[in-house]
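J.: Could you work out the structure for the sequence below:
(one chain, ligands or ions: 2)
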Amino acid sequence: MKILLIGYGKMGKTIEQLALAKGHEIVGKLDHTSASQLTSFNAQNTDVAIEFTHPEAAFSNISYCLENGIPVVSGSTGWQERMQEARELCEKNAGSFMYASNFSIGVNLFFHFNEYIASRMQQYPEYAVGIREIHHTQKVDHPSGTAITTAEGILQSYQNLDGWVNEAPETEGKLPIVSERTDDVIGTHIVRYASAIDEIELSHVAHSRTGFAAGALMAAEWLPGKKGVFGMKDLMNL
Ligand SMILES: NC(=O)C1=CN([C@@H]2O[C@H](COP(=O)(O)OP(=O)(O)OC[C@H]3O[C@@H](n4cnc5c(N)ncnc54)[C@H](OP(=O)(O)O)[C@@H]3O)[C@@H](O)[C@H]2O)C=CC1
Ligand SMILES: O=C(O)C1=N[C@H](C(=O)O)C[C@H](O)C1
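T.: Ligands and ions are numbered 1, 2, ... in the order given. Here you go, the predicted structure:
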């Protein structure tokens with residue numbers, strides 16, 4: 001496949017290595033300084049774009065792809081307030097769009113188990129639920145996209161909680177997400193149910209970026225030819 005990499009940082013470079021090893025062709029690698037070259041790519045010279053950039057850049061990159069018939073897989077986080085606009089643009093242009101806050105198979109299993117555990121635990125109000133996420137210090141957004149998806153999975157079952165909060169001190173009645181930034185931590189997410197007498201935890205610890213990149217590449221191989229907005233649940237049949 002002819003793959004365009006929009007964003008050539010930690011993720012773009014990891015995806016490139018895996019894509020070349022699988023015999024794909026990289027037709028472009030755009031970073032901040034070469035972003036204006038995006039307009040030279042179209043449905044004739046590109047089979048699929050993989051977008052991992054920045055909260056400020058993601059929506060405009062995705063819009064360009066949808067308006068120009070390029071199937072687009074995006075993993076950029078921190079731009080979710082524009083997700084509904086992206087959905088509408090995809091529908092209007094009969095486009096192909098896959099978004100995941102986290103492309104790793106392990107995290108998507110974690111999301112699945114998280115929803116199930118929350119559906120059971122909400123019957124036991126003596127357990128207070130909270131999320132903790134830890135990432136490297138270069139991460140620009142908080143809470144992580146993965147933590148937000150995890151929170152949404154819990155809130156489906158906890159009707160008594162009014163959304164999530166990502167600040168101290170915690171707000172009564174909201175699901176707390178605590179964000180920590182520490183050198184070189186790839187990505188750790190922990191859901192904790194704590195009572196006075198015991199606690200239960202579900203955690204995912206990424207050891208490298210290979211899982212994110214392999215999932216994004218799998219999505220890029222799966223998406224072309226499918227019309228609409230998709231997530232990893234569609235690809236993994238979860
Ligand atoms: N969904 C998932 O599975 C995962 C998501 N992520 C998310 O992906 C994003 C990128 O992460 P990561 O690769 O670690 O970040 P990096 O900072 O390492 O790389 C970001 C890249 O995007 C480039 N960039 C910035 N603005 C633009 C633009 N307007 N057009 C094109 N390229 C641009 C940067 O260019 P330059 O270097 O020139 O500034 C750089 O090449 C983040 O939002 C992160 O949260 C990360 C890992 C997994
Ligand atoms: O910025 C990162 O590095 C990561 N970002 C994603 C997120 O915000 O959830 C996914 C992963 O945790 C790594």
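J.: and the single longest helix found in the chain, what does it pack onto?
T.: Longest helix in the chain by number of residues (criterion: DSSP state H): helix 105-121. Judged by 3 or more CB pairs under 8 Å, 6 or more residues apart in numbering; DSSP states H and E, the packing partners of helix 105-121 are helix 145-155, strand 188-194, strand 199-205, helix 210-222, helix 232-236. Glycine gets a C-beta too; all of them are placed from N, C-alpha and C.
J.: centre of the chain versus the longest one, how much separation?
T.: The gap between the average C-alpha position of helix 210-222 and the chain average comes to 12 Å, counting by CA atoms, centre = their mean, to the nearest Å.
J.: between it and helix 105-121, what angle do the directions make?
T.: If you take axes from the mean of the first three to the mean of the last three CA atoms, to 10 degrees, helix 210-222 sits at 100 degrees to helix 105-121.
J.: buried stuff in helix 210-222?
T.: 211-222 (16 or more other CB atoms under 10 Å).
J.: Can you name the next helix or strand after that helix?
T.: strand 228-230 (DSSP states H and E).
J.: Quick one, which of the helices and strands packed on helix 105-121 gets closest to ligand 2.
T.: Of all these, it is helix 145-155 that lies closest to ligand 2, at 3.2 Å by CB to the nearest ligand atom.
J.: Skip ahead from the closest one and say which helix or strand is next.
T.: Helices and strands here follow DSSP H and E; after helix 145-155, the next one along the chain is strand 164-165.
J.: Show me what that following strand is packed against.
T.: Against strand 164-165 (3+ CB pairs under 8 Å, 6+ apart) you get helix 145-155, strand 175-181.
J.: mind listing what the shortest one pairs with, with the direction of each?
T.: In other words, strand 175-181. strand 128-135 (parallel), strand 164-165 (parallel) (DSSP bridges).
J.: Can you tell me the centre-most residue of this structure?
T.: Geometric centre of the chain, nearest residue: Ser101, 1.1 Å, by CA atoms, centre = their mean.
J.: List the contacts of it.
T.: For Ser101, the contact set (CB atoms under 8 Å, 6 or more residues apart in numbering) comprises 75, 77, 144-146, 148-149.
J.: Residues of the chain that sit close to ligand 1?
T.: 6-12, 30-33, 35, 52-54, 57, 61, 75-78, 100-103, 212 (CB under 6 Å from any ligand atom).
J.: I would like a PyMOL command selecting only the buried ones among those, please.
T.: Buried residues among those (16+ other CB under 10 Å), as a PyMOL selection:
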select buried, resi 6+7+8+11+12+30+35+52+53+54+57+61+75+76+77+78+100+101+102+103+212
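J.: Dump the strands paired with strand 175-181 to JSON lines, plus distance to Thr182.
T.: What follows is the strands paired with strand 175-181, written out as JSON lines (distance: least, CB to CB, whole Å):
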{"stretch": "strand 128-135", "distance to Thr182": "6"}
{"stretch": "strand 164-165", "distance to Thr182": "22"}
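J.: Dump these into JSON lines; add mean pLDDT and mean neighbour count as well.
T.: Shown next, in JSON lines, are the strands paired with strand 175-181 (pLDDT from 0 to 100; neighbours: other CB atoms under 10 Å):
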{"stretch": "strand 128-135", "mean pLDDT": "98", "mean neighbour count": "20"}
{"stretch": "strand 164-165", "mean pLDDT": "97", "mean neighbour count": "20"}
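J.: Any chance of JSON lines for the buried residues of helix 210-222, columns distance to Gln123?
T.: JSON lines is the format used below for the buried residues of helix 210-222 (distance: CB to CB, whole Å):
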{"residue": "Gly211", "distance to Gln123": "33"}
{"residue": "Phe212", "distance to Gln123": "34"}
{"residue": "Ala213", "distance to Gln123": "39"}
{"residue": "Ala214", "distance to Gln123": "37"}
{"residue": "Gly215", "distance to Gln123": "33"}
{"residue": "Ala216", "distance to Gln123": "37"}
{"residue": "Leu217", "distance to Gln123": "40"}
{"residue": "Met218", "distance to Gln123": "36"}
{"residue": "Ala219", "distance to Gln123": "35"}
{"residue": "Ala220", "distance to Gln123": "41"}
{"residue": "Glu221", "distance to Gln123": "41"}
{"residue": "Trp222", "distance to Gln123": "37"}
